[in-house]
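A.B. asks: sequence plus the predicted model coming up.
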Amino acid sequence: MIVAKNLSKRFGRIFAVNNVNFCINKGEVVCLLGPNGAGKTTLMRLLTGYLEADEGNCTVFGHDVKTDRTSALQKIGYVPENCPLYPEMTVYEFIKFAADLWKIPYREFVNNFKELAAYLHLTEVVNQRIETLSKGFKRRVGIAGALIHRPKILILDEPTEGLDPNQKLEIRNLIREYGKTGIVIISTHIMEEVEAISTRVLLLNKGKLIRDTLPRELKKISIDNDMASAFRKITSEEF
């Protein structure tokens, strides 16, 4: 479970995240939706401890991200936008590096690695340098690094950006599967993706959470029952 209470973050005089409250439970695939600059990435960085909130707090399965950071982050796997990797490393070396950061015992790492390689279809490329891989494979390697410590929560910023249709389908299937037993939070501006994989939508605008709803309910806001139309209608309103 993730609980955000009165979560706020300012950069100068600008509120990137402004008094945001929500609770996310196991089995949910939650989409953070909003225009550029709405606060989606900042919110993810607050949830994952990359940024410290100015006000409010966030707990992850009862652990406060600020005061009990290590315990909280052990529950989270996070892949930032553009999936930063070490291109000179092989797939195996990168995932082993991620495991070492979490101080995972070698035998446990071997078991986790074998399962992840099969789950993410990386078995055939484990000895290839990351720089030689396609965007789709690189994205999977980033996700493997985020999952090596078996977190209960997977947070992905723009997970299908720049991928071809087949690669997008693979990543979406992975998200759906992981969301059956864990929690997945994704940020995206692709309306098709929102409809395809999310069970819930948190819509942000100007740092505020302006809708917490189901995808089908969000669509009803537009006359033509269209997600993109509903998005434009809501985010063009003044708050």
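C.D. replies: Yep, it's here. The shown structure was predicted, so the numbers you read here are calculated from the model rather than taken from an experiment.
A.B. asks: hmm, F113 is touching A99, no?
C.D. replies: Yes: at 7.5 Å, F113 counts as touching A99 under the criterion of CB atoms under 8 Å. Bear in mind the C-beta positions are built from the backbone N, C-alpha and C, glycine included.
A.B. asks: and W102, how far from K96?
C.D. replies: 11 Å (CB to CB, to the nearest Å).
A.B. asks: which residues in this structure form helices?
C.D. replies: Counting by DSSP state H, one finds helices in the chain at the ranges 40-47, 69-73, 91-101, 106-119, 135-147, 165-179, 191-197, 215-219, 227-235.
A.B. asks: buried ones in the last one?
C.D. replies: For helix 227-235, burial by neighbour count (16 or more other CB atoms under 10 Å) applies to M227, A230, F231, I234, T235.
A.B. asks: in JSON lines, list these along with pLDDT.
C.D. replies: Compiled in JSON lines, those are given as follows (pLDDT from 0 to 100):
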{"residue": "M227", "pLDDT": "88"}
{"residue": "A230", "pLDDT": "88"}
{"residue": "F231", "pLDDT": "88"}
{"residue": "I234", "pLDDT": "86"}
{"residue": "T235", "pLDDT": "84"}
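A.B. asks: looking at those residues, which one is closest to K206?
C.D. replies: T235 (8.9 Å; CB to CB).
A.B. asks: quick one on the thing from earlier: among the helices of the chain, which is nearest I185?
C.D. replies: It is, among the helices of the chain and with distance given as CB to CB, helix 40-47, at 7.1 Å.
A.B. asks: okay, now K180: neighbour count?
C.D. replies: K180: 10 surrounding residues under other CB atoms under 10 Å.
A.B. asks: ok, now R211?
C.D. replies: The local packing of R211 (other CB under 10 Å) involves 18 other residues.
A.B. asks: beta partners of it?
C.D. replies: Under DSSP bridges, the beta-bridge partners of R211 are L203.
A.B. asks: how far away is it from K233?
C.D. replies: 11 Å.
A.B. asks: what residue of the protein is the furthest out?
C.D. replies: I223 (30.5 Å; CA atoms, centre = their mean).
A.B. asks: ok, that residue - contacts?
C.D. replies: Shown in contact with I223 (CB atoms under 8 Å, 6 or more residues apart in numbering): S229.
A.B. asks: okay, how far is it across stretch 47-57, tip to tip?
C.D. replies: 9 Å (CA to CA, to the nearest Å).
A.B. asks: in that stretch, what's buried?
C.D. replies: For stretch 47-57, the neighbour count (16+ other CB under 10 Å) marks L47, T48, G49, L51, A53, G56 as buried.
A.B. asks: let me see the contact set for the last one.
C.D. replies: G56 makes contact with A4, K5, N6, L7, S8, N19, V20, according to CB under 8 Å, 6+ apart.
A.B. asks: I'd say the first one and C58 touch.
C.D. replies: Yes: using CB under 8 Å, A4 is in contact with C58, at 4.9 Å.
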